[in-house]
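S.K.: Here you go, sequence then predicted model.
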Amino acid sequence: QRFHENFQLLRPTSQGDEDMRVLQDQLREALRLSSELATCTGQAISGARLAKDAMTVARRNAESIRQPLALAEGQYSAAMATLTSESQLLSEEDELLKEAASLLRHQLQAPH
């Protein structure tokens, strides 16, 4: 009698079958989501590698630009210094010309 009761407990019931189907469906869904997650993770890793490579190229480009840029900045500074100097000389020359014009005017207006 006791063996028969225990054997009855081991037999699947319709509720147990349904629970097993639900569990299998949930496991299938979990596996599908896990597979999608693995795919997304792989794509994220690939994207990160591409970004790293792009940063490396950008860094190299920046290094190759840095020296010519420094040279151009130096040339710009030298040109500005020259322009400032020439501007100052032109101002002084302008003052001298004004003084010469004034002296000439006085000489022309003076009685001979």
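M.R.: Sure thing, it's come through. Numbers count the residues shown, from 1 in each chain.
S.K.: for this protein, which helix is longest?
M.R.: In the chain, taking DSSP state H as the definition, the longest helix is helix 14-109.
S.K.: With Asp94 as the reference, measure out to Leu103.
M.R.: 15 Å (C-beta to C-beta, to the nearest Å). No exception for glycine: its C-beta is placed from N, CA and C like everyone else's.
S.K.: Also Met80?
M.R.: Taken as C-beta to C-beta, the span from Met80 to Asp94 is 21 Å.
S.K.: and what of Ser85?
M.R.: Ser85 is 15 Å from Asp94, by C-beta to C-beta.
S.K.: Can you pull out the low-pLDDT segments for this structure?
M.R.: 1-16, 112 (pLDDT under 70).
S.K.: Can you pull up the most central residue in it?
M.R.: Closest to where the C-alpha atoms of the chain average out (C-alpha atoms, centre = their mean) is Met55, at 8.2 Å.
S.K.: Would you quantify the distance from that residue to Ala44?
M.R.: From Met55 to Ala44 the distance is 16 Å (C-beta to C-beta).
S.K.: now Thr84
M.R.: From Thr84 to Ala44 the distance is 55 Å (C-beta to C-beta).
S.K.: do the same with Glu36
M.R.: Distance from Glu36 to Ala44, by C-beta to C-beta: 12 Å.
S.K.: Likewise for Ala51?
M.R.: According to C-beta to C-beta, Ala51 stands 10 Å off from Ala44.
S.K.: next one: Ala81
M.R.: Relative to Ala44, and taking C-beta to C-beta, Ala81 is found at 53 Å.
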